[in-house]
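Engineer: mind folding the following:
(chains A and B)
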Amino acid sequence: MGLGIRLCRWRRLLTRIDNPNPINPDEHLLTCDMIDSLVELPAQGTQSGVFDETDLLAQARTGDTRAFSGLISHYEGKIFRLAQHITQNREDAEDVLQETFLKAYEHLDQFQGNSKFYTWIVRIAVNQALMKLRKRKTDRSVSLDEGIDTGEDIMIREIAAWDEDPEQRYSRAELNEILDSAVQSLAPTYRAVFVLRDVEELSTEETAEALELSIPAVKSRLLRARLQLRDKLTSFFKRKGDDAFAYM
Amino acid sequence: MTPLLTCKEFLQELSEFLDETTDADIRAKLEKHTTECPNCWVICDTTKKTIKVFKGMQACAIPEDVHARLMAAMEKKNAAKVKA
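Structural biologist: All right, here's what the predicted structure looks like:
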């Protein structure tokens, strides 16, 4: 529902745009049939409908590329969505997707297994995505360490009650645009934390590990991201005729 | 008698309150504050709805062309590794 569907629509539209870095078809060593067969691979790691990556990881560590392809098939959608959220750009997101799995494949022997494989590749993806943002901003670097919060700057601009299901006031397309624009308005440091915690639903600990932040930093940024988004959405979702309460 | 929370203290605990990760005694204080402060009740309720609306987003299948280019890049990398 929501943004995901709009992203699908965008992706369909954007598939017509030429890839700026086209891969020479002659260099493709993978035929369409092979790709199709790889798409079916998640079943290898599925037991009773629950994905179990343990076997796939063990096989991939021995150099089994089909097993690694199974891991890709399971996680590529989430990594692509995460990359799109952070970079806000489809081409950059596709680069991030490729770089993430190429790096993961190359350094698979460094994955200790102390964390989930997903958390490990999320960390790679976030770093790649932030590098893209840094390249875009030549005048200012983007770091997850910047802007350490002091707890003194919680901003509440508007206080007004919302409808019970405010999102129903808008069409799906309108809602997606509202949500997308709200996420885009967040600083990258808050956006990454919010997307991992409240969209990808990683735990605080997993988010801290993926972003190499302390747990208090994740909590502090999540609070600010949520409150900033609440502020943004209030102008769209507040109950009609229900003006703001007195300012705090 | 436990001291009353200020609105600022309430906001600082809001995220963990909504995630239900606060200790029972702090939770009780926060709940009491929402019954006494209409502004904080609204902020709490609308922040809860903010989280809910974003959690409703679902990942959709990756576009076929993006998947195909990823697999081609992987295969190229593997071929280079084998040659080396």
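Engineer: domains for chain A, by residue range?
Structural biologist: Here chain A is described, according to automatic domain parsing, as comprising the domains A:3-136, A:143-248.
Engineer: pick out the shakiest of these, pLDDT-wise.
Structural biologist: For these, mean pLDDT drops lowest on domain A:3-136, to a mean of 71.
Engineer: before we move on, the earlier item: take the domains of chain A and lay them out in TSV including mean neighbour count and distance to chain B.
Structural biologist: In this view, the C-beta of every residue, glycine as well, is placed from N, C-alpha and C. Listed next are the domains of chain A as TSV, based on neighbours: other C-beta atoms under 10 Å in any protein chain shown; distance: least, C-beta to the nearest C-beta, whole Å:
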stretch	mean neighbour count	distance to chain B
domain A:3-136	17	4
domain A:143-248	17	4
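Engineer: got TSV for the ones you listed, with distance to B:H33 too?
Structural biologist: Compiled in TSV, the domains of chain A are given as follows (distance: least, C-beta to C-beta, whole Å):
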stretch	distance to B:H33
domain A:3-136	33
domain A:143-248	12
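Engineer: which among these is found nearest to B:W41?
Structural biologist: When the domains of chain A are compared by C-beta to C-beta, domain A:143-248 sits nearest B:W41, at 8.7 Å.
Engineer: now the strands for chain B?
Structural biologist: Taking DSSP state E, chain B contains no strands at all.
Engineer: averaged over its residues, which helix or strand of chain B has the lowest pLDDT?
Structural biologist: helix B:64-83 (a mean of 88; mean pLDDT, DSSP states H and E).
Engineer: any idea how far the closest residue to A:A125 other than its chain neighbours is from A:I86?
Structural biologist: Of all residues not flanking A:A125 in the chain, A:T100 sits nearest, at 4.3 Å (C-beta to C-beta, 6 or more residues apart in numbering or on different chains). Distance, A:T100 to A:I86, by C-beta to C-beta, to the nearest Å: 12 Å.
Engineer: quick check: pLDDT value at the most centrally placed residue in chain B.
Structural biologist: Centroid-nearest residue in chain B: B:I51, 6.2 Å away (criterion: C-alpha atoms, centre = their mean). Note on B:I51: pLDDT of 94.
Engineer: so who does the closest residue to it other than its chain neighbours touch?
Structural biologist: Computed as C-beta to C-beta, 6+ apart, the closest residue to B:I51 that is not its neighbour in sequence is A:D198, at 5.5 Å. By C-beta atoms under 8 Å, 6 or more residues apart in numbering or on different chains, A:D198 lies in contact with A:222, A:226, B:51, B:54-55.
Engineer: and the helices in chain A?
Structural biologist: Using DSSP state H, the helices found in chain A span residues A:3-14, A:32-39, A:53-61, A:65-87, A:90-106, A:117-136, A:172-185, A:188-194, A:204-211, A:215-237.
Engineer: ok, and what's touching the third one?
Structural biologist: With contact meaning C-beta under 8 Å, 6+ apart, helix A:53-61 is reached by A:44-45, A:66-68, A:70-71, A:74, A:105, A:108-109, A:111, A:113, A:117.
Engineer: okay, angle between it and helix A:90-106 too, please.
Structural biologist: 80 degrees (axes from the mean of the first three to the mean of the last three C-alpha atoms, to 10 degrees).
Engineer: then helix A:53-61 to PDB, C-alphas only?
Structural biologist: Provided in PDB are the C-alpha atoms of helix A:53-61 (Å, rounded to 0.1, in the frame of the first residue of the first chain):
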ATOM      1  CA  GLU A  53      19.000 -17.900   5.200                       C
ATOM      2  CA  THR A  54      21.300 -20.200   7.200                       C
ATOM      3  CA  ASP A  55      21.800 -22.800   4.500                       C
ATOM      4  CA  LEU A  56      22.000 -20.300   1.700                       C
ATOM      5  CA  LEU A  57      24.700 -18.300   3.600                       C
ATOM      6  CA  ALA A  58      26.700 -21.500   4.300                       C
ATOM      7  CA  GLN A  59      26.600 -22.500   0.600                       C
ATOM      8  CA  ALA A  60      27.400 -18.900  -0.500                       C
ATOM      9  CA  ARG A  61      30.400 -18.900   1.700                       C
END
